[in-house]
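1. sequence unknown, structure follows:
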C-alpha cells in the first residue's frame with residue numbers, strides 16, 4: 001500500500017488551507033500584534049487629548065478601579081482648568097509586566113493666572129484588558145501640583 005499525499009485541487013482552496021495553517025500557528029503573535037496596535041492608538045489619542053488640555057476627556061482613559069481607589073475631587077478638576085499644556089514629550093513605552101507598559105512623559109504647563117511655565121514628569125502605567133481589548137491608564141492623570 002503506497003501512501004499518497006492528498007492533493008488539494010483548487011488554487012483558492014490551497015490558499016485557504018495555507019492561510020488557516022498560518023493563522024493556527026501564529027495566533028499568539030497576531031494577538032500580541034493587535035495588543036501593540038491598540039497601545040499605539042491609545043497612547044496617541046491620549047497624548048493628543050492632553051496636548052489640547054482636555055483633562056475631562058483624558059479622564060476617560062483612566063482605569064475604573066484606579067479612579068475608585070483615588071477619586072478626583074471637583075477641586076482637583078478645577079486645578080486642571082487653571083493650566084494650559086505647552087508641550088508633551090514622551091519617551092517610548094517600555095514593558096512593565098504581562099500586558100503592562102510604562103511611559104515617561106515630560107509635560108510643559110503654563111498657569112493661566114501667572115503665565116509661569118514649568119515642566120512636570122508624568123510616569124504613566126498602562127494595563128491591557130484582554131477581555132475588552134483596551135488599554136487603561138492605571139497611574140491616573142498627571143500630577144500638575146508637583147514642583
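-> Now that the structure is in, tell me what you want to look at. Owing to the predicted nature of the structure, the values given are computational and were not obtained by experimental measurement. Residues are numbered from 1 along each chain as shown.

2. by mean pLDDT, flag the weakest helix or strand of the protein.
-> Sorting the helices and strands of the chain by mean pLDDT, DSSP states H and E puts helix 11-51 at the bottom, at a mean of 68.

3. so which bits of the helix or strand just after it are buried?
-> As assigned by DSSP states H and E, the chain's next helix or strand after helix 11-51 is helix 55-58. For helix 55-58, a neighbour-count test (16 or more other C-beta atoms under 10 Å) marks 55, 58 as buried. For the C-beta atoms, the positions are set from N, CA and C on the backbone; glycine is no exception.

4. next helix or strand past helix 55-58?
-> Next in sequence after helix 55-58, counting helices and strands by DSSP H and E, comes helix 64-69.

5. give me the residues contacting that following helix.
-> Applying C-beta atoms under 8 Å, 6 or more residues apart in numbering, the external contacts of helix 64-69 come out as 59, 136, 137, 138, 139, 140.

6. out of these, which is nearest to residue 43?
-> Residue 43 lies nearest to residue 137 out of the contacts of helix 64-69, by C-beta to C-beta, at 9.7 Å.

7. including distance to residue 93 and pLDDT, could the contacts of helix 64-69 go into JSON lines?
-> Below are the contacts of helix 64-69 laid out as JSON lines (distance: C-beta to C-beta, whole Å; pLDDT from 0 to 100):
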{"residue": "59", "distance to residue 93": "20", "pLDDT": "97"}
{"residue": "136", "distance to residue 93": "14", "pLDDT": "98"}
{"residue": "137", "distance to residue 93": "12", "pLDDT": "98"}
{"residue": "138", "distance to residue 93": "13", "pLDDT": "98"}
{"residue": "139", "distance to residue 93": "12", "pLDDT": "97"}
{"residue": "140", "distance to residue 93": "17", "pLDDT": "97"}
